[in-house]
Every structure is written in structure tokens, then in C-alpha cells.
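Asks: prediction below, plus the sequence it came from.
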Amino acid sequence: MGCVQSFRDLCDRPKNTNVRISLPLVCFVWEIAMVILFGFFIRYDEESDVHWQEFRREHNVTSDIENDFYFRYPSFQDVHVMIFVGFGFLMTFLKRYSFGAVGFNFLIAAFGIQWALLVQGWFSSLDYADGKIKIGVENLINADFCVAGCLIAYGALLGKVSPVQLLVLTLFGITLYSIEEYIILFVIHARDAGGSMVIHTFGAYYGLTISWMLYRPNLGQSSRLQCSVYQSDMFAMIGTLFLWMFWPSFNSAVSDHGDGQHRAAINTYLSLASTVLTSVALSSLFQKHGKLDMVHIQNATLAGGVAVGTAAEFMLMPYGSLIVGFICGIVSTLGYIFLTPFLEKHLKIQDTCGIHNLHAMPGVIGGIVGAITAASATESVYGREGLINTFDFKGNFKDVVPSIQGGLQAAGLCVALIFGIGGGILVGCILRLPIWGDPEDDNCFDDHAYWELPEDEESIGPVLEYNNHPIRNKNVAETNFTEQT
Amino acid sequence: MGCVQSFRDLCDRPKNTNVRISLPLVCFVWEIAMVILFGFFIRYDEESDVHWQEFRREHNVTSDIENDFYFRYPSFQDVHVMIFVGFGFLMTFLKRYSFGAVGFNFLIAAFGIQWALLVQGWFSSLDYADGKIKIGVENLINADFCVAGCLIAYGALLGKVSPVQLLVLTLFGITLYSIEEYIILFVIHARDAGGSMVIHTFGAYYGLTISWMLYRPNLGQSSRLQCSVYQSDMFAMIGTLFLWMFWPSFNSAVSDHGDGQHRAAINTYLSLASTVLTSVALSSLFQKHGKLDMVHIQNATLAGGVAVGTAAEFMLMPYGSLIVGFICGIVSTLGYIFLTPFLEKHLKIQDTCGIHNLHAMPGVIGGIVGAITAASATESVYGREGLINTFDFKGNFKDVVPSIQGGLQAAGLCVALIFGIGGGILVGCILRLPIWGDPEDDNCFDDHAYWELPEDEESIGPVLEYNNHPIRNKNVAETNFTEQT
Amino acid sequence: MGCVQSFRDLCDRPKNTNVRISLPLVCFVWEIAMVILFGFFIRYDEESDVHWQEFRREHNVTSDIENDFYFRYPSFQDVHVMIFVGFGFLMTFLKRYSFGAVGFNFLIAAFGIQWALLVQGWFSSLDYADGKIKIGVENLINADFCVAGCLIAYGALLGKVSPVQLLVLTLFGITLYSIEEYIILFVIHARDAGGSMVIHTFGAYYGLTISWMLYRPNLGQSSRLQCSVYQSDMFAMIGTLFLWMFWPSFNSAVSDHGDGQHRAAINTYLSLASTVLTSVALSSLFQKHGKLDMVHIQNATLAGGVAVGTAAEFMLMPYGSLIVGFICGIVSTLGYIFLTPFLEKHLKIQDTCGIHNLHAMPGVIGGIVGAITAASATESVYGREGLINTFDFKGNFKDVVPSIQGGLQAAGLCVALIFGIGGGILVGCILRLPIWGDPEDDNCFDDHAYWELPEDEESIGPVLEYNNHPIRNKNVAETNFTEQT
């Protein structure tokens, strides 16, 4: 009883955003762990190892240009831009949380890619001969993909969590992702080139569930900060455009060499183009006076890239890609207009960036599109060889036929949902512990909590605002905002 | 007579920027048309189709890396960045039209690439065996190029037209471009790797002519908004730099494999470097106190990339590229200082972004440079094989010699001019119809007309400004700015 | 005596930032010189020349895809982005010097790459058969690298020099760099793929020494401008992220085809990821309340990329890369906290961007890491062939062994230091001449000196500020700030 009581006392204390001990501690411990684990486990693969020239001769590789590096590196760099600039700047739309958006995105992505190389490596790149994980450019891409799931989850929590919580969320998120990915791609044998299921569905439900677990009933008080200003919307457009432009690289980055990558890029390009038009149409239609809303332009225009992910390398056909984009622009924009307020009010899910509309629904649509496209694949369209290559009907799976593959795809989608929601409940419980330095409700969406701000922000804007804030003034003497200890 | 009268009445009504019906309608109708037309016409080409492995064996292609995807995809992504971030952000320099700049750029580019795949496809990629257009990565690049023409035209009209007008401008612009391109490249057989004529000359005169048709004599009233602020100039520099850096990819993206792409990139790199120095020199020379003007740095520095477009894949020689850039930096900067005010005052051409200086004059110079370089090509420099490959003296054109090719290049330039001006008159007439929701003169250059703006802009800046505006206050009761219906 | 006296008088005159004569003059003279020198010296190499098809047949090159263009162009474009957007925007953090940061960066980089093609070409790409420099994509990359050294130096001088001084600094910097690079790479035969020594150590000490030569004892008066605002920090993050993301391309751009490029990219990716965590940890640990400082996030997170430059193509091993990044994050952040103030106070080195922490120390660490890694290379890890290829133990250097190579690497580092400091003293003397139009102390860090600014900055902010400035008001009548002539 005493233990429970003291835990409750701990929970009732005013929250303290001072992370001077916890943040450096977590960063150091985890980075040291990375160094040790990399020392034990990670080596270069045969295409990045210095013995490559011998490997070339043994495998009759004609030229250095056939090193996987040249097939994948340009796409890798595009994906890298999406992770760090795309996701980072997309979240800068809040008027006073731009540092946190781009800075914490940077931090957790940099940590996540290291941990992902290890966990994904144990599942998929372990060389049983020497017990080492052998990495090359494809592993770097997969690590970036893995991190994307956690950054999506961050979107739901933006402005309401501490950097330490984000590092914990990432540690577990990467681990869950790697297991889920292994089950979906290798056990179930679903195909998911662009990760509609593996990345977007998982990441979105993981984040939404955590947000539900961390529900803040009185968050409305901070709503004065939960909006954008003109400049912050422009910064967010940088994120939007880099995501939009490079999404064809995202969906094609780990597809099969040759026609696989080529086709995935074309399908994604078309789906995204189509989404823009229906997003704009819906945005204008549902605003009085027909004015466009930047929230829709920044987010819903990307939904087509999410939804075409699974089927991007299939023979979806150009018009099929347009249809997928067409539907997603509508669904996603309607989601922002109707569903996000509904979720917050009735389901207690506070979704700062609206990831339910940008990742969850389009991800599920993508999984379904993938299942239908796979189930309806025919030898007349693909050819016998094409079917085998595209769906990897080889080895243990050489007897699979398209109709069964459709079922496997659907099963994969379910696994992604289960891991997202289940993992979210688990990690949500952990993040509710009162030790992580998360902010009070009225410090949410405010960079003051975790950042030294330039003088303009310190002295002019906020001071006036805070003095006028009724709740804060009550005890302004005791808890000076910038000097909590 | 009654009909004419009622048309005049329509024209005299106060303009209404409410596009709640027209914008969604146009977006939906056109996107549905795209889905249907793509369903009928567009398929994957042999390098993006699932039968690629069979194609490889039949054509003795050694490796997957020889798929055109790996020759062109990195350049494609660079071009894609130029279209969406480059053009989009370059136009954000106006202090209150950044949303319109980057948002409408996004909208019309996303629509334009779809329509371009169709129209260009009918002219150049139609497979007569089955009546289908077969697309691959080169078609995606060409679609981006095609859209560039319309985005250039938007530069002249920035802030003065509605999104519906822009979609109409794009529909016609893409169509005209595709016809013009077919005539120049395939009928006349001019070469134009970087599109100095096909893209820049056409696009610029198309836009300038439309701007002349839509002349607004009283626009001066909005001149308080037709300027930049410090932050908007910085956003514009993002556009400038991405255009500048990736221009070598633009000019080399569809050049011949191997030395063609290689040489085009080098020439463009050099020309652009040279332009920066002469632009800076002229900018400083013509300002009292020698201070630099951001308008010149943002725009004139790019003129060298435009002007080297046609000749980029020729043996222009490195010093030739420097000379082209040298001249264009001077011409373009002088254009901003002297010609733009002259055009507005005496020719009634209101050119918001100064596309006459950045695209029209350098485009024409580029066409002339191309003609001279082609006419002076010799077998001693190119070799017999090099001449044939570079100028494509094959098939019907196997008897063409350099001197004649020079004439063909000049003819191509004339076609681009004719299509630009002629098309501009035609489309200008259409856009003068009073049904497109374009803004009143004093709503020009103002995002309020078509965008829901964040509170900071709604409540503080504009309200004060508008109340002080003499014309607006007269009838402020009747026509509340933000609530026109 | 009279001569010395009149020189002193010249020095004592109030400084005049009017560069209306000098800037255009320098730009024109130097660009004309470039045109002439390019005309005499620069031609396409065999891979960008129109005779490439013949070359291919003679050298049994199977496919166009083996043109060096396809090995290096994607990396080249990434490096290009780092030079123009990365360095340019990284320096925009000052609240009123963003135009100067990104604009002068643009100017000197555009000039520098031309001069670098010549000087580097004379040393490394001269074809003795015809006395011409033959350039291809690798030369473009090396020119960008060469310019990076001067841009690093600009970081120390940001806000305190005129554009003419920067052009002079660049002219000499490129020349010194090219000599130093030749000595280190070809005479001493050190390896330096990512330029830790050649680029970063040289560039940083060159800039720091010049800054020491141009010491301004009363600069504190301008300290009100030597800080950031919220938006300028966000613009700087654009620079940070593009540098961070594309650094793997930087370090791998000119490595050996195949495994060399592949391994260099992996090592850099890992080192940078590790640096982020230790930078964040230290930043939080040393601020009261544990808040993060944007200066560290913007700069220290990049130190790992610098330090892994030399050894990136060696078998550093993934954990080795993490360790390098780990250390540099700590060293660089501590440098910003303790060393920069110390240098300014006690050594009279005013280092605006803290290049000592981002480039100098990590560059030296990189040189040392390279020496150790080379010295400890064994045939059991590399294989005989691998050793020869990686360290280029061929020709005159076929008898070198790893232990000796380690010594050569250390010698290379010393040469970089000597050239940096020696060159800095030389150029510092030149830049102290009172003819270059550098600003008075209280015009430092202010775009007013060299830029026409938009009205918002002219009329509101600065006027108030300047009127309150005690020193300025004294003689405000005589020296109107914006109208010095």
C-alpha cells in the first residue's frame, strides 16, 4: 500500500520538464550500447567490403556499376531526405513548436536508424557462418524505413511528450516494427514494397494508441498554441513537398532491380498527382467561401503515396494508380474535416498532425489495394516468370497462387494493425510513468519547455502571453516558467 | 443584343473570388477524365513492364542496370525538385502571396503532368500496334518539362489570377506545348535538350501575352503588397538555389546516354557559375551605394541555365558555356532594372516575376546560341559518328548537314515564339470571361482571396491595413473582405 | 615616410561599405579572366567528349552506363546541394545577416568552382599531349570540394567582411588549397577521401587565422545583432539537415568505384548518427534546466561527418564509425560551450560560426583517425589486393606498407595545418588593406551594409534600434547609415 501511495504522490506532483539528467543519461547509455553491439555484430556485406573485387570475379559480375550501391544509392538519399527534412519540416506547422518538431525528429531518427540496423539485421541479414550482421545500402534504406514508423507515431504526439519519452517510444517502436516486418514479409510472405502496411499502418496505430493512452483532458488550455502562423505554414510546405517529390523513391527503393523499381516509381508518381487534385477539390468544397485550407494541402496531398505503397511494384496499371490517389485525396481530406475532431471528442485520441488521415486510413487502403491487386494477378498480364519474380513465388512459397497471395496480403495487414495497437498499449503504459519529464498541459506545444530560445521569443511574445494567462498567474511566483528545477 | 448586354452586365459586376463551386468542379471533372483516358491509353513501356526480363534476353541487355531507369532516374528526381520546390518557392517572394505561390504551383503542376503524359504520349510514345501510349521514366521527365512551360507563364500572372484560371491556362498550355514540341523536335528536327526554345521561350511568351490580355490598369493600388519582406526573400532563395543547383540535371535529363548527358551537365554547371558573377556585378553597379538587390540574385543568376539549354549537349566547349552565362547575367539583370518597368508602362505587360528577363530573353538567346553552334559544327571537332549521334542525322534526316541544321534550329525558335504569342492570345481571350473567379485589383497579391489564413495574418496585419485603405473603407459595410459570398 | 603616413591616414578614415566600383570591377575582371583561361586550357575529357563511343570500343567498355557520369553524378548533385544550400543556409542563423550568408556564399562558390577547375586541373588533370586540362564529372566534384574550404573560412568571418574581401579570400584560398591538395595526395601520397585534412583542417585554420588577423577589439558593440531569432534558426536548420543527410555522398563522391564508395557512405552515415546523440546529451547536460541549445544541434551534430572523412573508405568498421562520431559530438559541443568564448577572449580569434568546433578540431581528429586506421591495416582484414586498391600502393608507391602509410597520413595533416595557418597570415595581411570596403564595427552582422532590404526591415526594426544606439546618434547627421557614399 505504501508503495502504491508513493507512486500516486509521484503522479500528482507538478510535472517537471527538466531533462538535464535523464536526457543525457539515456543518450549516453544507448549510444554506448550501440557501439558495443555494433562491435559484436555488425560488419560490411560483400558489396561494401574490401574483398568486393574478389567477389565480383567469383560471381562473374561484369562491372563495378553492378554493385548494389548504384542501384539503390540515389533512392536511399531521397528516402533520407524524406526522413529528416520531410517528416521534420512537415511537423513545423505549429507556431511555437518548430524547434521541437525538427529537432526531436532529428534526434529520434538518428538513434532509431542505429537500433534498426541491429534489430532488422538479426532478423534478415544475419550471416549464420560467423554470427555477424552484414550491412549494405539496402540495410540503410530499411533502417530509414523502420524509423519512419516511429516518426509517424511522433506526429500524433507532437508537442505533448518529452524527448526522453520519444527515445523510449523509438526503442520499442523499432523493435516491434522489426518483429512485425519479419512476420509479415518472411513468415506470412506478404509483399509490401512501399510499406503501406508495415510502415504506415503500424506506425499510425502505434502512435494513435499511445496518444489515447496519454490522453490529456484539459489540453484545450493550450489551444492558443495549437495553431500555425504564416511562416510556420511555409516551413511545413518544405516538408510536404520533399515528401511528395521523393515518394516515388520511397516506394521503389527496395523493389526488385530493373522493372520493379521502374514501375514502383511510375505508379507512385501518378497516384500522388491524382491525390493533389481531389484534396484541393474537397478542401475548397467544405470551406465557406471556397477557400483552401493549408492543413489539407500540407497533408492530404500525400495520402496517395501511402496508399499505393504495397501495390506499387505490382501491375497496378497507370489508371489504377490514379484511382488509388483519387480516393485517398477524398478520404484523407474528409478525415481532417470530420474525423479528427470526432476522434478527439468521442474517442479521446488527440492526434496533433492528423496521422489518422495521412497514414492510418491510407495505409489500410493500401493494404486492401495490395490484397486485391495480388489476388487478381493473372498469368496473361504478368507472364509465368513475371508472377514468380513479382510475388517471389520461390522456395517454400513456390506453390502459392495469386488468390492465396491475396489472402496472405490481408493477413499481413491484420498483423500490422495488431502490432500497432498492441504495441501502443504496452508502450503507452510505460510512457505514463511519471519519470520522463513530459510537460504540463499548458506547456504543451511550446518550445520553451525543452529549448533555449532566442531573445525575440523569450522577451516579447511569450512574456506578454503568459502574464495574461489566468491559471499561470495564480502561482507565477512559485513556478517561474523558464526556471523550473 | 440582349445577350451582349447581359454579358456586359456580367463583366461589370464586382468580381467574386469564391471558387467553392468552380474549383472543385474543375478538379473533379478533369481528374475523372484523366482516369478514363489513362484507362484507355496508358500502359507501361517495356522497361517498366513485368516482361522486362524477357525483353532483356531478347535484346541482349547484359544487366538490370542498363534499364533506362538507372540512366535517368537521378536526373528525374532533380527535375522534379525544380518543378515543385524550385518554381514553387522562387515565387514566394511576395510578402502575402506565399501560399498562392507554392500552393497553386503544386496544384497546376500535379494536374499538368497527368495531361502531359497523355498529350505528349499521343505525339511521341504511341505504340501503333495496340494504340496504347507506353510510358517509362523518360516520359515522366518530359511531363515535368512540359509543366515547366506553364509554371513559367504563371510567373507573369502571379497574384492576379484565380486557381481555376490557372487550371485552364495549364490545360491549354500543355496541349499547345505538346504540339509545338512535336513540330520543333520531330517535324523540323531541331535539337533542344534543355528546352531553351521549347520550354522557356514558349512558356515565357505564352505567359507574357496572357498577362497583356489580362492587363489591369489600376493595379498600382495593390502595389503595397507587390513587394517582399525579409523572410519571404529567404524562402524565395530556397527556390533559386534548388533551381540553380539542379539545372545541370534539367539540361541533361533527356540527352543521349553517356557523353551526351555528361557534357550537358558540365556545360550547364559552367554557364550558371558565370552568370552569378555578372548578375552580381550589374546589380551592384546600377544601385546607388552599390548595394545588391535580392530580385537580381534570386532570378538573374538563373538565366545562364536557360540560355545554355539548347546547346548544352553540343560541343559548346567550356569557355563557350562561360560566355553564354556571362552575357545572360548582364542581359537579365539589365532587363530587371530597365525593361520590366518599360514593359509595364508602355506595353501594358505586367510581369510579376519578371519572366521576360529570366526566361524569354535567355530562351531566345539560347535558341540563337543553339543555331550558331549547330551551324558551325564540323567533322574535325565532332567526328563523323559524333555529328550523326549528336544531331541525330539519321533516317529521314540522314542528309542534313550542320549549316542546314543551324537553319532548322532557327526555324524551331520561330515556332516556339509563334506558339507562345498565338496561344497566349487565344487563352487570354478565354481567361477574360468573367466566370473564373479572379480577384479585384485590390485583392491581388493577397492570399486572403483563396486561402484560409492563420490567425496572426487575419487579425493583426491585414485588419489594420485594410481599415486605413481609403478605397476599401468607402464601402466597407457592403463588401466585407473576408466574407464575399 | 610620407607614404607610410598617407597609408595610415587611409586606415584611419571611417570605413566605407560602398562597393559600387570595386565589386563589379572584381567580378568582371575575374570572370573575363576565366573565359580567356578556359578558352586556352579547358576541354572535355574522353567520357564527356563526343568521341566517347570510339573510346568505348577501344577500351572494351560494355555499356554507356559505365561512363563515370553514372558512378558519380548522383553524389555530385548531393555535394552541390551541400555547397550552396547546406553551407549557405547553415550561416543564415544571424537575425539580420541571412542575405549576406546565403548570397555571398552563392557568389564566392560560383566564382570558386571556376577557378578551382583551372588550378586543380593544372595539378591533376593536365593532358601533357596537348597542354589542355580535360574535365569530367569528377573535376566538378573536386571543384565543389575545393570551394568548401573557402566557405568554411567564410564561417569564421561571417558578418565582418565585404564581398570583395570574400572574393579575394576565395582566389587565394582556392590556389592554396590546390597546391596543398597536390602535395598531400600526390607528393606525400596520403589518402583523404572525404577531405578531413585537405578540406576541413585547411579551410578552418585558414579562416581562423584570417579572423585573427582581422581582429576587431570593439566588436562587442554589434553583439545585439550577433544572435539569432526563431525564424533564422529554422532557416539554419535547413542548412544543417542538408549537410547532415548528404554527407555520406560527400565522403564517398570521389572514392573508388564499387566497394570504396559503398563503404564510405556507410561509415559516414553511422558516424553522423552517433554524433547526434552525444551532441544532444552534452547540450542538455551543460545548460541549466537541461534545455537544448540550437547552436549545438545546428553545428555539433555535423562533426562526425568531418571526422570520418579521411578514414571513410578504409575498413574502419561500423563500430569504429560510431566511436568517431561519439567522440566528435562531445568534443564539438564542448568546444561551442567553452572554447569559442576562450578563443575570442584570450586568443583574439572571433569565430562567428564556430568553425573551430565544427571543422578544425573534427578535421584534426579525422586526420589522426585516418593515420591510425591506415597504420593498423593488415592483410588479414584487407587481403593483399584490398590493401593495394584501398591505399593505392601502386607505381612509385608500390613498396609502401601500412605502418609507413600511417606516417604519410600524419605528414599530410601537418601540411594541411601549415597551409591553413600560413595562408591565413598571408591573405590576412592582404585583407587588412583599407581598400576592400569592409564594414565598421557597428555595421557588422547587418545586411544593410551590402543589400537593398525590403521595407519592413528598413522602416520599422532598424530605425528604432539605431536611434537608440548611443554611438551612432552622436554623429547621425553626418553619417546617415543607409546613405554612405
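Replies: All right, it came through fine.

Asks: for chain C, what are the nearby residues on the stretch 151-300 of chain A?
Replies: When proximity is defined by CB under 8 Å from any CB of the partner chain, the stretch 151-300 of chain A lies next to chain C at A:163, A:231, A:235, A:238. Any C-beta I mention is one placed from the backbone N, CA and C, and that applies to glycine too.

Asks: excluding its backbone neighbours, what's nearest residue A:286?
Replies: Leaving aside its chain neighbours, residue A:286 sits nearest to residue A:337 (5.2 Å; criterion: CB to CB, 6 or more residues apart in numbering or on different chains).

Asks: tell me which residues touch the residue in chain A that chain B sits nearest to, please.
Replies: Among the residues of chain A, residue A:290 lies nearest to chain B; the distance is 2.7 Å by CB to the nearest CB. Residues near residue A:290 by CB atoms under 8 Å, 6 or more residues apart in numbering or on different chains: A:284, B:18, B:19, B:20, B:21, B:23, B:24, B:450.

Asks: just the buried residues from those residues, in ChimeraX please.
Replies: A single ChimeraX command selects the buried members of those (16 or more other CB atoms under 10 Å in any protein chain shown):
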select /A:284 /B:18,19,20,23,24,450
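
Asks: ends of stretch A:300-318, what's the gap?
Replies: 21 Å (CA to CA, to the nearest Å).

Asks: how near is the residue of chain A closest to chain B to chain C?
Replies: 30 Å (CB to the nearest CB, to the nearest Å).

Asks: equivalent analysis for residue A:28, please.
Replies: From residue A:28 to chain C the distance is 5 Å (CB to the nearest CB).

Asks: what distance do you get for the closest residue in space to that residue that isn't next to it in sequence to residue C:292?
Replies: Spatial nearest neighbour of residue A:28, excluding adjacent residues (CB to CB, 6+ apart): residue C:281 at 5.4 Å. Residue C:281 sits 10 Å away from residue C:292 when distances are taken as CB to CB, to the nearest Å.

Asks: can you give me the strands in the stretch 101-250 of chain A?
Replies: Using DSSP state E, counting those that start in this stretch, the strands assigned to the stretch 101-250 of chain A run over residues A:126-127, A:132-135.

Asks: out of these, deepest packed?
Replies: Each of those was scored by mean neighbour count; the highest is strand A:132-135, a mean of 22, by mean count of other CB atoms under 10 Å in any protein chain shown.

Asks: distance from that strand to the middle of the chain?
Replies: 25 Å (CA atoms, centre = their mean, to the nearest Å).

Asks: which of the residues of the stretch 151-300 of chain A next to chain C has the largest number of neighbours?
Replies: Counting by other CB atoms under 10 Å in any protein chain shown, residue A:163 has the largest number of neighbours within these, with 27 neighbours.

Asks: now render the strands of the stretch 101-250 of chain A as TSV, adding distance to residue B:248 and mean pLDDT.
Replies: Formatted as TSV, the strands of the stretch 101-250 of chain A follow (distance: least, CB to CB, whole Å; pLDDT from 0 to 100):
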stretch	distance to residue B:248	mean pLDDT
strand A:126-127	41	92
strand A:132-135	32	96
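
Asks: redo the ones you listed as JSON lines? Include distance to chain B.
Replies: Output for the strands of the stretch 101-250 of chain A, formatted as JSON lines (distance: least, CB to the nearest CB, whole Å):
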{"stretch": "strand A:126-127", "distance to chain B": "24"}
{"stretch": "strand A:132-135", "distance to chain B": "21"}
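
Asks: quick one, what contacts the residue in chain A that chain C sits nearest to?
Replies: Here chain A gets closest to chain C at one residue, residue A:20, 2.7 Å apart by CB to the nearest CB. Residues counted as contacts of residue A:20 (CB under 8 Å, 6+ apart) are C:284, C:285, C:287, C:288, C:289, C:290.

Asks: what of residue A:348?
Replies: So residue A:348 contacts A:212, A:215, A:217 (CB under 8 Å, 6+ apart).

Asks: let's go with 6 Å and repeat that
Replies: Residue A:348 makes contact with A:212, A:215, according to CB atoms under 6 Å, 6 or more residues apart in numbering or on different chains.

Asks: cool, residue A:406 as well?
Replies: Residue A:406 touches A:371, A:374, A:375, counting by CB under 6 Å, 6+ apart.

Asks: what's the helix or strand for the second one?
Replies: Element membership of residue A:374 [criterion: DSSP states H and E] is helix A:361-375.

Asks: picking that back up, adding neighbour count, write the contacts of residue A:406 out as a markdown table.
Replies: A markdown table is the format used below for these (neighbours: other CB atoms under 10 Å in any protein chain shown):
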| residue | neighbour count |
| --- | --- |
| A:371 | 23 |
| A:374 | 25 |
| A:375 | 17 |
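
Asks: how about these in a markdown table, adding distance to chain B and pLDDT?
Replies: Formatted as a markdown table, these follow (distance: CB to the nearest CB, whole Å; pLDDT from 0 to 100):
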| residue | distance to chain B | pLDDT |
| --- | --- | --- |
| A:371 | 19 | 97 |
| A:374 | 13 | 96 |
| A:375 | 17 | 96 |
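
Asks: state the pLDDT value of the residue nearest to residue A:246 when sequence neighbours are not counted.
Replies: Among residues not flanking residue A:246 along the chain, residue A:78 sits closest, at 3.9 Å (CB to CB, 6+ apart). Residue A:78 carries a pLDDT score of 97 in this model.

Asks: check the one 3 residues further on too.
Replies: At residue A:81, the predicted lDDT confidence score is 97.

Asks: burial count for residue A:429?
Replies: 11.

Asks: next one: residue A:128
Replies: 6.

Asks: what of residue A:55?
Replies: As a burial measure, residue A:55 scores 16 neighbours (other CB under 10 Å).

Asks: next, the contact list for it, please.
Replies: residue A:46.

Asks: backbone phi and psi for it, please?
Replies: The phi and psi torsions at residue A:55 (degrees, to the nearest 10) take the values phi -60, psi -40.

Asks: mind listing what the nearest residue to residue A:42 once chain neighbours are set aside touches?
Replies: Excluding its sequence neighbours, the residue lying closest to residue A:42 (CB to CB, 6+ apart) is residue C:318, at 4.4 Å. Neighbour list for residue C:318: A:38, A:42, C:270 [criterion: CB under 6 Å, 6+ apart].

Asks: 7 Å instead?
Replies: A:38, A:42, A:135, C:266, C:270 (CB atoms under 7 Å, 6 or more residues apart in numbering or on different chains).

Asks: need the pLDDT of the last one.
Replies: Read it as residue C:270. 97.

Asks: okay, and the residue nearest to it when sequence neighbours are not counted sits in which element?
Replies: If the residues on either side of it in the chain are set aside, residue C:270 comes closest to residue C:321, at 4.0 Å by CB to CB, 6+ apart. Element membership of residue C:321, judged by DSSP H and E, is helix C:318-334.

Asks: centre of the chain to that helix, how far?
Replies: 20 Å.

Asks: and if you look at stretch A:153-165?
Replies: So, by CA atoms, centre = their mean, the centroid of stretch A:153-165 is 12 Å from its chain's centroid.

Asks: any residues touching that stretch, and which ones?
Replies: With contact meaning CB under 7 Å, 6+ apart, stretch A:153-165 is reached by A:17, A:19, A:22-23, A:26, A:91, A:94, A:97, A:100-101, A:104-105, A:107-108, A:166, A:169, A:173, A:203, A:206-208, A:210-211, A:214, A:216, A:351-353, A:355, A:431, A:436-439, A:444-445, A:450.

Asks: at the contact with chain B, which residues of the stretch 151-300 of chain A appear?
Replies: By the rule CB under 7 Å from any CB of the partner chain, the part of the stretch 151-300 of chain A lying against chain B is A:227-231, A:233-234, A:237, A:241, A:244-246, A:249, A:257-259, A:261-263, A:265-266, A:269, A:273-274, A:276-278, A:280-281, A:284-285, A:287, A:289-294, A:297.
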